[in-house]
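Enquirer: fold the following, please.
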Amino acid sequence: MNTSKLALITGCLGGIGRALVQAFADAGYTVIGMDLAEAATGPGPLPQHYISADLGKLCTDAAYRDTTLQHVQALVQGQLKVLINNAAWQVVKPIEQLSAADWMQTQNVNVMAPFLLTQALLAQLEAAKGSVINIASIHGQLTKPEFVAYATSKTALLGMTRAMAVELGARVRVNAVCPAAIATPMLVAGFDGKPEAYQQLADMHPVGRIGQPQEVARTCILLADDQLGFMTGASIALDGGIGARLHDPV
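Expert: Residues are numbered from 1 along each chain as shown. A predicted model of the protein is given here:
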């Protein structure tokens, strides 16, 4: 295994995850993917190596956590060039309907799991002069009703990104990407039979369209590049300009 160009990508079987796998493989990385499914299957690019893991359970079950992290460390071996914390859990419910289980699962998968993975792989990342890329969200800064659990988790992930970057300094760079609406299969399926609503969402972005998973992946390729060694603690807005736009009545 070419550990000098090794990438670990969580949530590798989702829309953004598959784009990440493809982009990093095309850039010459050996890709280790991690996701919930027992095996890496389905259409689209698949990682060269795959780990089935429940990131929620990773945070709540000490024995499972130890076994899973040992497996990851053994596969990574001595060096890891980039860790991409892409997996996420999203619950969309009114405040009155959010359960404690909803809340904890969201915070665990979206915040604690990225922390635990970064902590466990810190030595391997440092050995490779590598970096961590957290896939955050526009919901870390701007949000809407029924996203309280998700928005809280992504805000915390951005805070963790900054704090880790400050503490780790030149040892390991830590950055985040904050996408707005991205045309993943899941998002597109949610608008099935509602083309007007999909176009309305697209039009809300000043660029007049929804983002593509490949654009998230290309941003991560740039962030992982050693030539951007001065960039750490950054939160990159990949939002089609929507984060700069006022929606007051004209």
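
Enquirer: in contact with residue 121, which residues are there?
Expert: 8, 72-73, 76, 80, 83 (C-beta atoms under 8 Å, 6 or more residues apart in numbering). All C-beta spots, glycine's among them, are computed from the backbone N, C-alpha and C.

Enquirer: got phi/psi on residue 83?
Expert: phi -110, psi 120 (degrees, to the nearest 10).

Enquirer: oh sorry, the question was meant for residue 180
Expert: Here is the backbone geometry of residue 180 (degrees, to the nearest 10): phi -90, psi -140.

Enquirer: same question for residue 45.
Expert: The phi and psi values for residue 45, taken as degrees, to the nearest 10, are phi -70, psi 140.

Enquirer: my read: it touches residue 15, true?
Expert: No. Applying C-beta atoms under 8 Å, one finds residue 45 not in contact with residue 15, separated by 11.7 Å.

Enquirer: any idea how many residues pack against residue 156?
Expert: By other C-beta atoms under 10 Å, the residues close to residue 156 number 18.

Enquirer: against residue 163, how distant is the nearest residue to it once chain neighbours are set aside?
Expert: Once flanking residues are discounted, residue 156 sits nearest to residue 111: 4.7 Å by C-beta to C-beta, 6 or more residues apart in numbering. Distance from residue 111 to residue 163, counting by C-beta to C-beta, to the nearest Å: 12 Å.

Enquirer: for residue 67, same thing?
Expert: From residue 67 over to residue 163 (counting by C-beta to C-beta), the distance is 28 Å.

Enquirer: what of residue 212?
Expert: For residue 212, the distance to residue 163 - C-beta to C-beta - is 31 Å.

Enquirer: would you mind telling me which of these two has more residues around it?
Expert: More crowded of residue 212 and residue 163, by other C-beta under 10 Å: residue 212, with 15 against 12.

Enquirer: state the number of residues packed around the residue nearest to that one when sequence neighbours are not counted.
Expert: Nearest non-adjacent residue to residue 212, counting by C-beta to C-beta, 6+ apart: residue 183, 5.7 Å away. By the measure other C-beta under 10 Å, the count of residues near residue 183 is 18.

Enquirer: right, and residue 146 touches residue 94 too?
Expert: Yes. Shown here, residue 146 and residue 94 form a contact pair, counting by C-beta under 8 Å, at 5.6 Å.

Enquirer: neighbour count for the two, which is higher?
Expert: Legend: neighbour count by other C-beta under 10 Å for residue 146 and residue 94, higher for residue 146 (15 against 9).

Enquirer: what about the more buried one, which SS state?
Expert: Of the three states, residue 146 takes coil according to DSSP: H, G, I helix; E, B strand; the rest coil.

Enquirer: ok, now residue 75?
Expert: Residue 75 ends up helix, using three-state DSSP.

Enquirer: mind checking how far the residue lying closest to residue 110 once chain neighbours are set aside is from residue 87?
Expert: Of all residues beyond its chain neighbours, the one nearest residue 110 is residue 153 (3.7 Å), with distances taken as C-beta to C-beta, 6+ apart. To residue 87, residue 153 is 12 Å away according to C-beta to C-beta.

Enquirer: quick one: the strands in the protein, in order.
Expert: 6-10, 30-35, 49-52, 82-85, 131-135, 173-179, 235-238 (DSSP state E).

Enquirer: outside of the fifth one, which residues touch it?
Expert: Applying C-beta under 8 Å, 6+ apart, the set of residues contacting strand 131-135 from outside is 11, 16, 81-86, 88, 114, 118, 125, 157-158, 160-161, 164, 172-177, 179, 216, 220, 223-224, 232.

Enquirer: what about 7 Å?
Expert: Here strand 131-135 makes contact (C-beta atoms under 7 Å, 6 or more residues apart in numbering) with 16, 82-86, 114, 118, 125, 157, 161, 172-177, 220, 223-224.

Enquirer: neighbouring strands for it, and are they parallel or not?
Expert: Using DSSP bridges, strand 131-135 pairs in its sheet with strand 82-85 (parallel), strand 173-179 (parallel).
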